[in-house]
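Engineer: generate coordinates for the sequence data below:
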Amino acid sequence: MASGVLLQLNAELADVVARVQRSLVQVHNGRRGSGAGTIWHPDGLVVTNAHVAARRSLLEVTLPDGRTAPARVIAYDEARDLAALNVDAHDLPTVEPGNAKQLQPGQWVMALGHPWGVPGAVTGGVVIGVGSQLPELPPRPHEWIAVSLHMRPGHSGGPLVDVSGRLVGVNTMITGPDVGFAVPVHVVKAFLREAFRV
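Structural biologist: Take a look at the predicted model:
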């Protein structure tokens, strides 16, 4: 009975990961290697980290179908470590936004990216906490999601999703082998609203 439940859970999580991978891109900045990004809008709007964009006006993005295309930086916020890119592509698969404010410590989440150049890799773990008053919080005056999972260089800019595959955050940094931080999705939405006045 238990093995059947585990097999079903494994299959469901694998399906979630496969669905999210369709909206995961690789971002090449030509100088410091590559990071990840998440397709936010089907007409080529990609969200990533400011430190992945590295203050460059033009980047290169590898789309989930393997195509490589130039990407223009259209919004940049170093304080929140967010950047928005535009790729000349349409009908791209997107990820469904979730609600990071409803996350509770102990809930399972997954981070996708390209750690050490491994494309579309995933790691899982639990939420440590959410908010602006976290014990391990970096010295920045914004909200974060702290997670206990193995994020590595190359996860930056990729999606942090819940068990339903909904985007709850954008991976941004690690502070130890088992502690990572992500920008909550509502902070990403605020960044985009301010950038494009929508």
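
Engineer: care to break the protein down by domain?
Structural biologist: Domains of the chain are assigned by automatic domain parsing as 20-87, 100-191.

Engineer: which stretch in the ones you listed is the model least sure about?
Structural biologist: Mean pLDDT is lowest for domain 100-191 among those, at a mean of 88.

Engineer: now do the same end-to-end measure for it.
Structural biologist: 15 Å (Cα to Cα, to the nearest Å).

Engineer: buried ones in whichever strand or helix holds residue 189?
Structural biologist: Here residue 189, judged by DSSP states H and E, is contained in helix 185-196. For helix 185-196, a neighbour-count test (16 or more other Cβ atoms under 10 Å) marks 185-188, 190-192 as buried. Quick note: C-beta positions are derived from backbone N, CA and C, even for glycine.

Engineer: of those, which is the nearest to residue 142?
Structural biologist: Taking Cβ to Cβ as the measure, residue 142 lies nearest residue 187 of the buried residues of helix 185-196, at 6.4 Å.

Engineer: quick check: that closest one touching residue 80?
Structural biologist: Yes: at 6.1 Å, residue 187 and residue 80 qualify as touching, with contact defined as Cβ atoms under 8 Å.

Engineer: which neighbours do the two share?
Structural biologist: Shared between the contact lists of residue 187 and residue 80 (criterion: Cβ atoms under 8 Å, 6 or more residues apart in numbering) are residues residue 142.
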